[in-house]
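In: Provided below are the primary sequence and the corresponding predicted coordinates.
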Amino acid sequence: MSDTVESVIVAIDGPSGTGKSSTSKAVAAALGLSYLDTGAQYRAITWWMISNGVDTQDAAAIATAAGKPVIVSGTDPAEPTITVDGEDTSAAIRTQAVTSKVSAVSAVPEVRALITELQRSIAAAAEKGIVVEGRDIGTTVLPDADLKIFLTASPEARAARRSGEIKGADVAATREALIKRDAADSSRKTSPLAKADDAVEVDTTALTLQQVIECVVSLVEEKRSATDNAEKRAAR
Ligand SMILES: Nc1ncnc2c1ncn2[C@@H]1O[C@H](COP(=O)(O)OP(=O)(O)O)[C@@H](O)[C@H]1O
Ligand SMILES: Nc1ccn([C@H]2C[C@H](O)[C@@H](COP(=O)(O)OP(=O)(O)O)O2)c(=O)n1
């Protein structure tokens, strides 16, 4: 083991309800890394478009307005924050109105270019390293990440988890909405939801959240010690 722990970049991708946010926050906290929820950024720009009367079906109007909002993400895994033009939008970006429109807004190439650039600058500024979660982190945003994880789970498990978060939610309707959003996110032209060729796939259907966290922490530690050993061999 070297005295200094190298900075590490972990990319966690996958569809909705697979456990990306909960896992990424816990892994970042356990390893002393920063944390970035890229879905929150796409939700934030969607919230701004709705709040400012931009038609979310009009890609040209979205492209024109995309550079206007100033989105700032706080990367402490114990207290992740998101503001738009200085306003705390943590709760506002989770409403159904935003959830139902975020796939359309995030499919616009100009939106993706701006948000991708923001994500790369946040990752580059994280001195100890960062866990970044989303849909295209391993494939597009950070293709050189030290470790890439792709989380999956059955639609039934994902719908049950998601509806467990909302009082009185209908599991069947949640399942349909999830499947629809996944299909939109996977079929868009610009950096769709996809597993990178070198990502480790973890099916979380039958795992507890704790088991998923432990699995990812072990994979990061394995990666770190493999890098350490390679450096020692090179120094001999
Ligand atoms: N392995 C798991 N088993 C059971 N519940 C889980 C598991 N992973 C996450 N959850 C729960 O499912 C919900 C969705 O998880 P979340 O991390 O927000 O998923 P994602 O970010 O992929 O949409 C949360 O309430 C979370 O606590
Ligand atoms: N890297 C990313 C992250 C999210 N998105 C888009 C597509 C997703 O449906 C929305 C919302 O993502 P978010 O991770 O908040 O979604 P859920 O937590 O799964 O409900 O943003 C994206 O296009 N690229």
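Out: Structure received. Ligands and ions are numbered 1, 2, ... in the order given.

In: what are the ranges of the helices in this protein?
Out: Ranges of helices within the chain are 20-31, 38-51, 59-65, 96-99, 102-106, 109-125, 155-165, 171-187, 209-235, based on DSSP state H.

In: name the helices or strands packed onto the fifth one?
Out: So that's helix 102-106. Under the contact criterion of 3 or more Cβ pairs under 8 Å, 6 or more residues apart in numbering; DSSP states H and E, helix 102-106 touches helix 38-51, helix 109-125, helix 171-187. From N, CA and C alone the C-beta is placed, and that goes for glycine too.

In: try it again with 10 Å
Out: Counting contacts by 3 or more Cβ pairs under 10 Å, 6 or more residues apart in numbering; DSSP states H and E, helix 102-106 is packed against helix 38-51, helix 59-65, helix 109-125, helix 171-187.

In: next one: the last one
Out: If contacts are counted by 3+ Cβ pairs under 10 Å, 6+ apart, helix 209-235 sits against strand 8-13, helix 20-31, strand 129-134, strand 147-152, strand 200-203.

In: then the shortest one to PDB, C-alphas only?
Out: What that stands for is strand 200-203. Presented in PDB, the C-alpha positions along strand 200-203 are these (Å, rounded to 0.1, in the frame of the first residue of the first chain):
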ATOM      1  CA  VAL A 200     -19.300  -4.400 -14.200                       C
ATOM      2  CA  GLU A 201     -23.000  -5.300 -14.200                       C
ATOM      3  CA  VAL A 202     -24.700  -5.800 -10.800                       C
ATOM      4  CA  ASP A 203     -28.300  -7.100 -10.700                       C
END
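
In: now check that strand, is it near ligand 1?
Out: No: Strand 200-203 lies apart from ligand 1 when judged by Cβ under 6 Å from any ligand atom; the minimum separation is 9.6 Å.

In: cool, and the third one?
Out: No: remark: strand 129-134 sits outside contact range of ligand 1, by Cβ under 6 Å from any ligand atom, the gap being at least 6.5 Å.

In: Partner strands of that strand and their direction?
Out: strand 8-13 (parallel), strand 34-37 (parallel) (DSSP bridges).

In: would you list the ones you listed in TSV and tack on mean pLDDT, distance to ligand 2 and mean neighbour count?
Out: Formatted as TSV, those follow (pLDDT from 0 to 100; distance: least, Cβ to the nearest ligand atom, whole Å; neighbours: other Cβ atoms under 10 Å):
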stretch	mean pLDDT	distance to ligand 2	mean neighbour count
strand 8-13	98	7	25
strand 34-37	98	7	24
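
In: can you tell me which residues contact the closest residue to residue 14 other than its chain neighbours?
Out: The spatial neighbour of residue 14 that comes closest, neighbours along the chain excluded (Cβ to Cβ, 6 or more residues apart in numbering), is residue 151 at 3.6 Å. Residues near residue 151 by Cβ atoms under 10 Å, 6 or more residues apart in numbering: 12-15, 17-20, 23-24, 133, 195, 199-204, 207, 212, 216.

In: Quick one: the strands paired with strand 129-134 as TSV, columns for distance to residue 63 too.
Out: Output for the strands paired with strand 129-134, formatted as TSV (distance: least, Cβ to Cβ, whole Å):
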stretch	distance to residue 63
strand 8-13	25
strand 34-37	24
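
In: mean confidence for stretch 96-108?
Out: Averaging pLDDT along stretch 96-108 gives 97.

In: For residue 2, report the pLDDT, please.
Out: 48.

In: can you list the residues of the protein near ligand 1?
Out: Residues of the chain lying near ligand 1 by Cβ under 6 Å from any ligand atom: 14, 16-22, 161-162, 164-165, 204, 207-209, 212.
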